[in-house]
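Student: model this:
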Amino acid sequence: MRRARSITLWTYLNQALLFAQRRGMVKTNPAADVLLPEARPARKRKSFTLPEVEALLRVGIPQDRRPALWMIGLTSGLRPGELVGLRWPYLDIDSDDPCLEVAERDAEVQHRYVGQAPPKTLRKAAIGLHPLAVAALRRHRSEMIMQGLYDSEGFVFCTRNGTAISVSNLRRDFKKLCERSGLSGKDWTTYELRHSFVSLVSDQLGDLTKVADLAGHADTKTTEGYRHTVRAALPHAVDAWNRLLAQAS
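Tutor: Next up is the predicted model:
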């Protein structure tokens, strides 16, 4: 943010001095010799490996007070704002084909919720829900009803007052979840739930076009940037030789 502000100020000043130089009001443009702050290197994203996913599912998530929240985050690939902004009208957990529709997200100004907004990208169709996620959501709904927090038009995941969970609080709770699961490092962010979703699903599907549709990416090039290694060793060579030897015999 500081670098962006510096560049904006420099741009205006440089334009003004160039104008003055053309008019003969100044001889030189001192702004041309200014060194702007260097851009921070982009934060390197990562994904859960298969053993780390197992630790989350067996240790961290069952002990959390909102297990359904993390099940949806891990199995549906929602962005953080889409996750905390998810409302019951866009969630179907009672039909034979349970699914969720990514139709909106929460909007925040200075870390405060100000309303619902369209998602960054629209999915082509609803996202099917895994039976484990459906079971967690049904239990979550029952608990919300008992607590007097359930509203058929309200948030699926909310605070004790029924208000939206902030993305910053989601990030804080996610770090605690990772620590409780025994995952190495303390720099996990909620956006890496989405990276993990793409990595794990693409590892199984092998079809980036389908994964891009699920993640709401405009093209597979973006999806490729989300893929990370989730296995300690790649089995492709072994699988290929097994097929070749089977044919030979």
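
Student: quick one: A107 is in a helix?
Tutor: No: assessed by DSSP: H, G, I helix; E, B strand; the rest coil, A107 does not belong to a helix; its assignment is strand.

Student: What separation do you get for it and C178?
Tutor: With distances taken as Cβ to Cβ, to the nearest Å, A107 is found 27 Å from C178. Backbone N, C-alpha and C define where each C-beta goes, glycine included.

Student: Look at those two and report which has more neighbours.
Tutor: C178 (21 against 15; other Cβ atoms under 10 Å).

Student: The closest residue to S168 other than its chain neighbours: neighbour count?
Tutor: Leaving out its chain neighbours, the residue that sits closest to S168 by Cβ to Cβ, 6 or more residues apart in numbering is H111, at 5.3 Å. The number of residues packed near H111 is 9, by other Cβ under 10 Å.

Student: Please apply the same query to L57.
Tutor: 16.

Student: Kindly report the same for Q147.
Tutor: Neighbour number of Q147 under other Cβ under 10 Å is 10.

Student: And for L183?
Tutor: If we define neighbours as other Cβ under 10 Å, then L183 has 19 of them.

Student: SS state for it?
Tutor: coil.

Student: now the strands for this protein?
Tutor: With DSSP state E as the criterion, the chain has strands at 91-92, 99-100, 105-109, 112-117, 127-128.

Student: Format those as TSV; extra columns: mean pLDDT and distance to D33.
Tutor: Output for the strands of the chain, formatted as TSV (pLDDT from 0 to 100; distance: least, Cβ to Cβ, whole Å):
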stretch	mean pLDDT	distance to D33
strand 91-92	94	57
strand 99-100	90	55
strand 105-109	91	37
strand 112-117	90	41
strand 127-128	84	53
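
Student: Output those strands in CSV; the columns should cover distance to R58.
Tutor: Listed next are the strands of the chain as CSV, based on distance: least, Cβ to Cβ, whole Å:
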stretch, distance to R58
strand 91-92, 25
strand 99-100, 24
strand 105-109, 30
strand 112-117, 33
strand 127-128, 23
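
Student: Can you tell me which of those is nearest to A32?
Tutor: strand 105-109 (36.4 Å; Cβ to Cβ).

Student: mind listing what's buried in that closest one?
Tutor: Residues of strand 105-109 classed as buried: 105-106, 108 (neighbour count, 16 or more other Cβ atoms under 10 Å).

Student: Before I go, just wanted to say thanks for your time.
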